[in-house]
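> predicted model follows, preceded by the sequence.
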Amino acid sequence: MQRAYPQGGFLGVFAREDINRLPARLAPRTCFILNTDPSWRAGQHWVGVYAPKDVARGRLIMFDSFAAPWHLIFSSEWNTYFTRQAHRLEQSPYPVQRVDSDACGHLTAYVLAHLPDYNDSLFKVVTETLSPICFSQNENLAKSFVARLLRGVK
């Protein structure tokens, strides 16, 4: 992900209890990946948080490949952190992953890396590149992207 955000916009990957490691205010065009499990577990589900260029106007993007409501996924501490960042939280328009799939981390990396290319529009990234019905196609696309990213090619 550092290759996708060479100016230091990728803050890292965090476990559920790592909220204190994040900045109090997110800078524009920064992002991080968050696991819904604590660090002592293997990791259950990966989601992405992206501060768009207009984050100062109260907008924050949160990507979940299952398109689940954020207030149901996270603790009150995380929900407080998110609402402190913004009063308008954008979420995925539809699920892009099978429930029995392990591609959530790949899909999250794919979406976070492409948000700047789509003018910080989660709706455009998802609706123009990911299918609401062909989940295996989405997973293959995201896994191929991550493999290219690891080889140094976006």
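Everything's here; your move.

> longest helix in the chain, please.
Assignment by DSSP state H gives helix 135-150 as the longest helix of the chain.

> helices or strands up against that one?
Helices and strands touching helix 135-150, by 3 or more C-beta pairs under 8 Å, 6 or more residues apart in numbering; DSSP states H and E, are helix 104-114. (C-beta placed from N, C-alpha, C; glycine too.)

> can I get the helix it packs on in PDB, CA atoms only?
Extracted C-alpha coordinates of helix 104-114, given in PDB (Å, rounded to 0.1, in the frame of the first residue of the first chain):
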ATOM      1  CA  CYS A 104     -11.700  -8.700   2.200                       C
ATOM      2  CA  GLY A 105      -8.100  -7.500   2.600                       C
ATOM      3  CA  HIS A 106      -7.400  -7.600  -1.100                       C
ATOM      4  CA  LEU A 107     -10.700  -5.800  -1.900                       C
ATOM      5  CA  THR A 108     -10.000  -3.100   0.700                       C
ATOM      6  CA  ALA A 109      -6.500  -2.500  -0.600                       C
ATOM      7  CA  TYR A 110      -7.900  -2.300  -4.200                       C
ATOM      8  CA  VAL A 111     -10.500   0.200  -3.300                       C
ATOM      9  CA  LEU A 112      -8.300   2.400  -1.100                       C
ATOM     10  CA  ALA A 113      -5.600   2.600  -3.800                       C
ATOM     11  CA  HIS A 114      -8.100   3.500  -6.500                       C
END
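
> and that helix, which residues are buried?
Buried residues in helix 104-114, counted by 16 or more other C-beta atoms under 10 Å: 104-114.

> can you lay out the residues you listed as JSON lines showing distance to T36 and pLDDT?
As requested, these are exported to JSON lines (distance: C-beta to C-beta, whole Å; pLDDT from 0 to 100):
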{"residue": "C104", "distance to T36": "9", "pLDDT": "94"}
{"residue": "G105", "distance to T36": "12", "pLDDT": "94"}
{"residue": "H106", "distance to T36": "16", "pLDDT": "95"}
{"residue": "L107", "distance to T36": "14", "pLDDT": "97"}
{"residue": "T108", "distance to T36": "12", "pLDDT": "96"}
{"residue": "A109", "distance to T36": "16", "pLDDT": "94"}
{"residue": "Y110", "distance to T36": "18", "pLDDT": "96"}
{"residue": "V111", "distance to T36": "17", "pLDDT": "96"}
{"residue": "L112", "distance to T36": "16", "pLDDT": "95"}
{"residue": "A113", "distance to T36": "21", "pLDDT": "92"}
{"residue": "H114", "distance to T36": "22", "pLDDT": "93"}
